[in-house]
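Q: Structure of the sequence below:
(4 chains)
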2 protein chains.
Amino acid sequence: MNTDYIKTFLAVYRSGSFVEVAKDQNLAPSSVSRSISALENLLKTRLFQRTTRNLTPTRAGEIYFERIAPLIEEMDLTHQSLIDAAATPSGRLRVTASVTYGQVVIAPRLKLFRERYPNIDVELLLSDGQVDLVNGQVDIAIRHGNLPDSTLVARKLADVNYRLVSSKTYLEQNEIPKSPDELRQHELVTFVYDNFRYAWVFEANGDTCTLPIKPALTISSAAAIRQCVINGAGISLLADWMIEEDLRKGRLVELLPDWKVSGASSDSAIWLVYPSSRFIPAKSKAFANFLLN
Amino acid sequence: MNTDYIKTFLAVYRSGSFVEVAKDQNLAPSSVSRSISALENLLKTRLFQRTTRNLTPTRAGEIYFERIAPLIEEMDLTHQSLIDAAATPSGRLRVTASVTYGQVVIAPRLKLFRERYPNIDVELLLSDGQVDLVNGQVDIAIRHGNLPDSTLVARKLADVNYRLVSSKTYLEQNEIPKSPDELRQHELVTFVYDNFRYAWVFEANGDTCTLPIKPALTISSAAAIRQCVINGAGISLLADWMIEEDLRKGRLVELLPDWKVSGASSDSAIWLVYPSSRFIPAKSKAFANFLLN
DNA sequence: TTCATAATTGCTTATAGCACACTAATGAAT
DNA sequence: ATTCATTAGTGTGCTATAAGCAATTATGAA
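A: The predicted structure follows:
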């Protein structure tokens, strides 16, 4: 069943002429004629009694019009409302991110986002485990490291640069390292992941130098590492987004700022991941663009 | 918009599997996939979040289902009820016939028709003028003579034979004619129409004889002619269907029964005419078949 | 009766829909 | 972890459907 047939029926019923409907809808009159005929064949009932000069609905045609017109209208409304909903950003947006990134980067920006898009209710799910994008009813996930899943669509939110940091108090009690090599004599705090726990990579003026490390503390949470370092536990490698404020407020101090430093695999970044490629809801786009600016 | 797409969407929503729906509806799974995709493109909204193992409706899909399912159901009901109405004889049947034929032939049979088809309400419009079949909302017309209208569809209800009749009292006062020729000396009563007023045609054993007549009375109504003849006004030519009962009850007597007699143009009949060719409602068919038996 | 216009029908072309074969993905079982 | 079975998605070719154009028929009005 094609509702276009029904729509031409409704138009013919209202205008009382095949030709007029054909003009209105940019169709050949023959198409209108055939549409009506097709409907009549389907219903096994004549809907209009017609000569070339006269077009009157049959009783069946009247009944059909009465019953079908509101249904078609309601259907169009339903469709249009879905299309509109896809076009204007609104509804509930579920965002997932790691606990730390959520607290440090996302949460502080949510107030401004709400001011800009008051129709989008944000639900922020902070979890360091993998959240299932497909079934978890999540609209956007923020992921660290390299692209996690090939079927999903990702946009790079930011490159991550690591900085060698320590607290003032630690530096007051220890010698300030002047080169990577000198770090060997220091209390090093590191992440448990393989990329970080065995070696750090330093780069400056085209020179690359890999420093095998023997960590004093190995911790699974970046936030905990940060806390330890602030408390003077030693020197660590932390992502720039996490310690920006700490540096500004002097809670942490950057060491060897002339060296670019990273874990063993250096190409880490923050990714913004959508669960499906084709239909990205307007609310998701709005949030993504907001974070990218 | 094709409602088949929506119907496959509904089926997928309910069953939760493309393949199952494909089997149910004898489609290739790829067709189901494409149907859903087409709908999604139309709505610019993803309706299902799917992997090869997992199919869950999105929020939009749920909303769409809630709103569209009752509409589709209602639409199907509407269509089916029209189809059913066309299949089972019921409703109001408007029949038109000449005043005399209606009174004499149709009306006496209506009681039996009602008993057989209690769901058909009959409206019998008796008129000697032409009733417009197309706009007059008439379902069946009964017409005399030759086919009146080429676009309409007609079935022959009965051949009409004419009989030469008179009343007993008239025959007691006059000589009984033994041959057509002897009619010249009688009081002849005739219809105004040209076919009848100038000559009557007699036929027997292959012989044809045209008798020019000089009518004593010329009347425009067959019923009035009949009444006059019953009252002894003379001899006339009347259609068999009109005088059958009169002959049985002796109110009229047939003359020259061995001769087949008619007006100038002999091929008259009673026709049953439908206003349109293609869709003959069940009620009309029922009435037509009833009259033909 | 003629005329102009409306519906219809035949014919041709363009589009859409379908099945088939194949690929990719993924959850479960081993 | 790896294999396996099953399921969604894609490319391709064929067929059915729908659209326009042109010609035909019909009919109400002048």
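Q: give the contact list for A:D128.
A: Taking Cβ atoms under 8 Å, 6 or more residues apart in numbering or on different chains, we find A:D128 in contact with A:98-99, A:221. C-beta: built from backbone N, CA, C; applies to glycine.
Q: Need the buried ones from these selected in PyMOL.
A: In PyMOL, this line selects whichever of those come out buried by 16 or more other Cβ atoms under 10 Å in any protein chain shown:
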select buried, chain A and resi 98
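Q: From the contacts of A:D128, pick the one nearest B:H79.
A: Here the nearest of these to B:H79, counting by Cβ to Cβ, is A:S98; it sits at 54.8 Å.
Q: before we move on, the earlier item: in strands, which of the contacts of A:D128 fall?
A: Taking DSSP state E, every one of the contacts of A:D128 sits outside strands.
Q: Check the burial of A:D121 by counting its neighbours.
A: By other Cβ atoms under 10 Å in any protein chain shown, 13 other residues sit near A:D121.
Q: does it sit in a helix, a strand or a coil?
A: Per DSSP: H, G, I helix; E, B strand; the rest coil, the secondary structure class of A:D121 is strand.
Q: quick one, what contacts the nearest residue to it once chain neighbours are set aside?
A: In this structure, A:D121 finds its nearest non-sequential neighbour in A:R92, 4.8 Å apart by Cβ to Cβ, 6 or more residues apart in numbering or on different chains. For A:R92, the contact set (Cβ under 8 Å, 6+ apart) comprises A:120-123, B:59.
Q: Give me the pLDDT value at A:V134.
A: pLDDT, A:V134: 60.
Q: Just say helix, strand or coil for the residue nearest to A:D121.
A: Using three-state DSSP, the structure places A:R92 in strand.
Q: how near is it to A:K214?
A: For A:R92, the distance to A:K214 (Cβ to Cβ, to the nearest Å) stands at 48 Å.
Q: and if you look at A:S35?
A: Distance, A:S35 to A:K214, by Cβ to Cβ: 82 Å.
Q: who's more crowded, the two?
A: More neighbours surround A:S35 than the other of A:S35 and A:K214, with 23 against 9 (other Cβ under 10 Å).
Q: would you say the more buried one is within a helix?
A: Yes: assessed with three-state DSSP, A:S35 lies in a helix.
Q: right, and it touches A:Y5 too?
A: Yes: judged on Cβ atoms under 8 Å, A:S35 makes contact with A:Y5 at a distance of 4.7 Å.
Q: Quickly find the element holding A:L291.
A: Using DSSP states H and E, A:L291 maps to helix A:282-292.
Q: same for that helix, what does it pack against?
A: Applying 3 or more Cβ pairs under 8 Å, 6 or more residues apart in numbering or on different chains; DSSP states H and E, one finds that helix A:282-292 contacts strand A:91-97, helix A:107-116, strand A:120-126, strand A:140-144, strand A:153-159, strand A:269-274.
Q: Point out the most buried one among those.
A: Greatest average neighbour count among the helices and strands packed on helix A:282-292 goes to strand A:140-144 (a mean of 22), per mean count of other Cβ atoms under 10 Å in any protein chain shown.
Q: So in chain A, which helix runs the longest?
A: Secondary structure assigned by DSSP state H gives helix A:59-87 as the longest helix of chain A.
Q: Determine if any part of that one is in contact with DNA strand C.
A: No: using Cβ under 7 Å from any atom of the strand, helix A:59-87 stays clear of DNA strand C, with a minimum separation of 12.4 Å.
Q: Tell me where the stretch 151-293 of chain A is predicted with low confidence.
A: Where the stretch 151-293 of chain A drops to pLDDT under 70, the residues are A:151-152, A:265-267, A:276-278.
Q: Where do the strands of the stretch 151-293 of chain A begin and end?
A: A:153-159, A:162-166, A:188-191, A:199-204, A:207-212, A:217-219, A:235-239, A:253-255, A:260-262, A:269-274 (DSSP state E, counting those that start in this stretch).
Q: got those strands as CSV, with distance to B:T208 columns?
A: Formatted as CSV, those follow (distance: least, Cβ to Cβ, whole Å):
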stretch, distance to B:T208
strand A:153-159, 95
strand A:162-166, 122
strand A:188-191, 122
strand A:199-204, 124
strand A:207-212, 126
strand A:217-219, 125
strand A:235-239, 119
strand A:253-255, 130
strand A:260-262, 121
strand A:269-274, 96
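Q: Indicate which one of those is closest to B:E172.
A: It's strand A:269-274; of the strands of the stretch 151-293 of chain A, that one is closest to B:E172 (Cβ to Cβ) at 109.2 Å.
Q: Sheet partners, orientation included, of that closest one?
A: Here strand A:269-274 is paired, per DSSP bridges, with strand A:140-144 (antiparallel), strand A:153-159 (antiparallel).
Q: avg pLDDT for the shortest one?
A: Mean pLDDT, taken over the full extent of strand A:140-144, equals 84.
Q: That one vs strand A:120-126, what angle?
A: 40 degrees (axes from the mean of the first three to the mean of the last three Cα atoms, to 10 degrees).
Q: ok, residues contacting strand A:140-144?
A: Strand A:140-144 is touched from outside by A:93-98, A:101-102, A:106, A:131, A:133, A:154, A:157, A:160, A:268-275, A:284, A:287-288, with contacts defined as Cβ under 8 Å, 6+ apart.
Q: Could you tell me the angle between that strand and strand A:235-239?
A: 150 degrees.
Q: ok now strand A:140-144, how far from the chain's centre?
A: With Cα atoms, centre = their mean, to the nearest Å as the basis, strand A:140-144 stands 8 Å off its chain's centre.
Q: Ok, stretch A:201-221 next?
A: Chain-centre distance of stretch A:201-221: 33 Å, with Cα atoms, centre = their mean.
Q: Leaving out sequence neighbours, find the closest residue to A:N161.
A: A:D240 (4.7 Å).
Q: Also A:V21?
A: Using Cβ to Cβ, 6+ apart, the nearest residue to A:V21 is A:A11, at 4.4 Å.
Q: Get me the contact residues on the stretch 1-150 of chain A for chain B.
A: Within the stretch 1-150 of chain A, the positions near chain B by Cβ under 8 Å from any Cβ of the partner chain are A:1-4, A:40, A:42-46, A:49, A:51, A:54, A:56, A:59-60, A:63-64, A:67-68, A:71, A:74-75, A:78-79, A:82-83, A:85-87, A:91-92, A:134-135, A:137.
Q: can you narrow those residues to ones near DNA strand D?
A: Near DNA strand D, judged by Cβ under 7 Å from any atom of the strand, the entries from the residues of the stretch 1-150 of chain A next to chain B are A:2, A:4, A:51, A:54.
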